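K.L.:
Output the structure for:
(one chain, ligands or ions: 1)
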Amino acid sequence: MRAVLCTTPGSVRDLTVATMSPLPLPDNGARVMVEAAGVNYVDALFVEGRYQIKPNPPFTPGSEVAGRIGEVGSEWSGPAVGTRVLVSCGMGGYATEVIARPGQAVPIPEQLSAPAAACFTQSYATALFALRTRAHLVGGERVLVLGGGGGVGLAAIQVATALGATVIAQGSTEEKRDAARRAGASITIGGDATTLKDDVRGSLDGGVDVVIDPVGGAFTGQALRTLRDGGRLAVIGFVAGPIPEIPTNQILLRNRSVVGVDWGIWAMTNPAAQGALLGELLAMVEAGSLTPAEPTLFSLDDAALALLALQERRVVGKIALSVSE
Ligand SMILES: NC(=O)c1ccc[n+]([C@@H]2O[C@H](COP(=O)([O-])OP(=O)(O)OC[C@H]3O[C@@H](n4cnc5c(N)ncnc54)[C@H](OP(=O)(O)O)[C@@H]3O)[C@@H](O)[C@H]2O)c1
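P.N.:
As a prediction, the model looks like this:
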């Protein structure tokens, strides 16, 4: 097998690709031959040693893949050999094969290509968990999505629209705003944090009910001020750099709430609920109410370039690594 390796945490430019022996197959596991690996912002944080969990090097980044089941252990009780599956593997996804543990291999609906399936779980599950479980969105409400041309942003726009909300999305380029509109946003606004509050209130008189915030930085405080009575701001990530400090008077005013979203830890500690959430999202794909865009493709050998493109905001939507032996 071939796999991307991080031998010393640091720059993503130092990632290498190595050939190694096939992974041992446990009795209750399945060997999945990877066709595409999802690239996520958190992968770069792992490689740089900036995430709260620090894996021991050498390690292979990549937390989600799509492929076909190639071989199963004697006690495997999941999908049969040959089935197209997506797998949330946690780590090791930038590789030609991964081992799926019980419950990890989920059949892919025919509507999803391998690259789109590889990028699906983290973004769409975070979006639904944030909007419905944490922010208690109901149909007819208004949602502001920050970073609306990014992975979580585009998923949040689609999921919020499918739940019956009106979406206003923020994005820094016309290309990203176009993608946000294609995903279902009724209104889009530009990338300037200083005018965010006025831009949103000017577009939607009275403001919004829910903010989806995977960006942080100067955007968070301004986004909080766009919430109307009883509004909820969902904190998802901090790609813009410094973790913002929130003025608590702005939470008191209008009975607003700020809610944390840690989908990863929730999914790990509530596997049955996560399985049900993912099943619901895949059923929405089958029914045509969610149509994930095709990701930008890089080869496995270009994993470093893919992560750089993500960090430098050069990509609209998701990136997937195209994988073959
Ligand atoms: N809490 C959770 O459970 C959870 C789950 C999944 C992801 N996350 C986190 O959510 C964040 C976003 O993930 P994602 O997959 O949406 O990432 P992404 O695809 O890279 O999108 C992030 C968007 O943020 C905007 N942005 C603004 N300032 C930026 C900066 N300085 N650097 C990079 N991007 C900037 C970019 O849009 P513009 O160029 O238009 O500004 C970009 O499209 C990450 O921190 C990720 O780790 C959290």
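K.L.:
elements contacting the longest helix seen in the chain?
P.N.:
In the chain, taking DSSP state H as the definition, the longest helix is helix 271-287. Applying 3 or more Cβ pairs under 8 Å, 6 or more residues apart in numbering; DSSP states H and E, one finds that helix 271-287 makes contact with strand 105-107, helix 120-128, helix 263-269. Glycine gets a C-beta too; all of them are placed from N, C-alpha and C.
K.L.:
Next, format these as TSV and append distance to the ligand and mean pLDDT.
P.N.:
Shown next, in TSV, are the helices and strands packed on helix 271-287 (distance: least, Cβ to the nearest ligand atom, whole Å; pLDDT from 0 to 100):
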stretch	distance to the ligand	mean pLDDT
strand 105-107	18	98
helix 120-128	4	98
helix 263-269	3	96
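K.L.:
Rounded mean pLDDT for the longest helix of the chain, please.
P.N.:
Averaging pLDDT along helix 271-287 yields 98.
K.L.:
One more: stretch 201-221?
P.N.:
So the average pLDDT for stretch 201-221 ends up being 95.
K.L.:
re the thing from before, taking their axis directions, the longest helix of the chain and helix 120-128 sit at what angle?
P.N.:
Compare the direction of helix 271-287 with that of helix 120-128 by axes from the mean of the first three to the mean of the last three Cα atoms, to 10 degrees and you get 100 degrees.
K.L.:
returning to what we had before: turn the helices and strands packed on helix 271-287 into CSV, columns for mean neighbour count.
P.N.:
Output for those, formatted as CSV (neighbours: other Cβ atoms under 10 Å):
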stretch, mean neighbour count
strand 105-107, 21
helix 120-128, 26
helix 263-269, 15
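K.L.:
could you dump these to JSON lines with distance to S203?
P.N.:
What follows is those, written out as JSON lines (distance: least, Cβ to Cβ, whole Å):
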{"stretch": "strand 105-107", "distance to S203": "38"}
{"stretch": "helix 120-128", "distance to S203": "22"}
{"stretch": "helix 263-269", "distance to S203": "28"}
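K.L.:
V32: which element?
P.N.:
strand 30-39 (DSSP states H and E).
K.L.:
so how far is that strand from its chain's centroid?
P.N.:
Distance, stretch centre to chain centre, for strand 30-39: 17 Å (Cα atoms, centre = their mean, to the nearest Å).
K.L.:
Mind listing residues that contact the very next helix or strand once past it?
P.N.:
Sequence order places helix 41-48 as the next helix or strand after strand 30-39, per DSSP H and E. Residues from elsewhere that reach helix 41-48 (Cβ atoms under 8 Å, 6 or more residues apart in numbering): 6, 9-12, 15, 51, 53-55, 59, 61-63, 91, 94, 151, 237, 239, 307, 310-311.
K.L.:
Could you rerun that using 7 Å?
P.N.:
6, 9-10, 12, 15, 51, 55, 61-63, 239, 307, 310-311 (Cβ atoms under 7 Å, 6 or more residues apart in numbering).
K.L.:
With adjacent residues omitted, what lies nearest to the residue of the stretch 101-250 of the chain at minimum distance from the ligand?
P.N.:
Nearest residue of the stretch 101-250 of the chain to the ligand (Cβ to the nearest ligand atom) works out as G150 at 2.0 Å. Sequence neighbours aside, P214 is the residue nearest to G150 in space, at 6.6 Å (criterion: Cβ to Cβ, 6 or more residues apart in numbering).
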